[in-house]
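Chemist: here is the input, now give the coordinates:
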Amino acid sequence: MDRLTILGLVIGLTGIMTGQILEGGNLSILFQGAAFLIVMGGTLGAVMVQCPTKVFVMAIRMGSWAFITPKWNDLELIRQLTDWSVLARKDGILALEARASTTTDPFLKKGLFLLVDGYSPEKIREVLDVDIRSWEQLRWQSARAWEAAAGYSPTIGIIGAVLGLMQVMQNLSNPEKLGGGIAVAFVATIYGVAFANLLFLPVANKLKAIIMQQTHTHEMIVDALAAIANGDNPRLIEIRLQSYLD
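Modeler: Residues are numbered from 1 along each chain as shown. From the prediction side, this is the model:
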């Protein structure tokens, strides 16, 4: 669980609600089901129109990353890669075939099989670099879907406000309802701006940071596998991989 994400949302929402109370407002007016439905439904629909199906589905799946960040244990990974380099230097590259069969990560498994099949360091790097770029491109587009939602949300909020004002105009003959009706109408604008700046845009930027971190880890794996294929000294490989942590 990413505590910083949760803490940030709590602080942001608490600040808004506390400000409403200090200004003498009522918190109940901030909770409007119709405004929520207009903003969330309109924003979701706009993003669905913009994105290909594959990108949209990936964007939904990646949303949880902002709260439960997928992480490689880079220290453990470096230890594992170094052990493989020692094994390859001692017993030959084919000794890694058993390790390749038991590896669960698809990217690491593919790299090990390329290594076992005897491909050159250049070929291993070439094939895996294509995988990295493809992996990164899909997830980067998915992160941008959250960024797009941050752009649509305030505008949809304005649409909700206008719809609310239209209802107010129909009750001009009843002055007692005008003030409350106008206040309710502008809640949609608050929702649109709040969702954009407290949720959609921060999530998009956090997803981009996670993608960059995972790409960095993938590049470290490629570097290690290419070095093993090249027959580099395991100690040299370990020192090089430690530099990725810095």
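
Chemist: and the helix or strand of the chain with the lowest mean pLDDT, what other elements does it pack with?
Modeler: Every helix and strand of the chain was ranked by mean pLDDT, DSSP states H and E. The lowest is helix 178-195, at a mean of 82. Judged by 3 or more Cβ pairs under 8 Å, 6 or more residues apart in numbering; DSSP states H and E, the packing partners of helix 178-195 are helix 33-50, helix 121-169. Glycine gets a C-beta too; all of them are placed from N, C-alpha and C.

Chemist: reformat the ones you listed as CSV; add distance to residue 25 and mean pLDDT.
Modeler: Converted to CSV, the helices and strands packed on helix 178-195 look like this (distance: least, Cβ to Cβ, whole Å; pLDDT from 0 to 100):
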stretch, distance to residue 25, mean pLDDT
helix 33-50, 16, 94
helix 121-169, 17, 93
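
Chemist: now those helices as CSV including mean neighbour count and distance to residue 216?
Modeler: Converted to CSV, those look like this (neighbours: other Cβ atoms under 10 Å; distance: least, Cβ to Cβ, whole Å):
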stretch, mean neighbour count, distance to residue 216
helix 33-50, 17, 28
helix 121-169, 18, 10
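
Chemist: so which of these gets nearest residue 4?
Modeler: helix 121-169 (17.2 Å; Cβ to Cβ).

Chemist: so what's the gap between the least confident helix or strand of the chain and the chain middle?
Modeler: Taking Cα atoms, centre = their mean, to the nearest Å, one finds helix 178-195 lying 29 Å from the centre of the chain it belongs to.

Chemist: mind listing what's buried along it?
Modeler: Buried residues in helix 178-195, counted by 16 or more other Cβ atoms under 10 Å: 181, 183-195.

Chemist: thinking again about what came up before, go through the helices and strands packed on helix 178-195 and name the closest to residue 215.
Modeler: When the helices and strands packed on helix 178-195 are ranked by proximity to residue 215 (Cβ to Cβ), helix 121-169 comes first, at 5.2 Å.

Chemist: ok so, going back, pick the one among the buried residues of helix 178-195 closest to residue 126.
Modeler: residue 195 (42.9 Å).

Chemist: what's near enough to touch that closest one?
Modeler: 39-40, 43, 149-150, 153 (Cβ atoms under 8 Å, 6 or more residues apart in numbering).

Chemist: redo that, cut-off 6 Å
Modeler: Residues in contact with residue 195 (Cβ atoms under 6 Å, 6 or more residues apart in numbering) are residue 153.

Chemist: spatially central residue in the chain, please.
Modeler: residue 207 (2.5 Å; Cα atoms, centre = their mean).

Chemist: thought that one was touching residue 144?
Modeler: No - the criterion here is Cβ atoms under 6 Å, and residue 207 misses it with residue 144 at 9.2 Å.

Chemist: tell me which residue lies farthest from the centre of this structure.
Modeler: Relative to the chain centroid, the chain (Cα atoms, centre = their mean) has residue 173 farthest, 49.9 Å.

Chemist: is that one in a helix, a strand, or coil?
Modeler: Following DSSP: H, G, I helix; E, B strand; the rest coil, we place residue 173 in the coil state.

Chemist: try residue 69
Modeler: Here residue 69 is recorded as coil under three-state DSSP.
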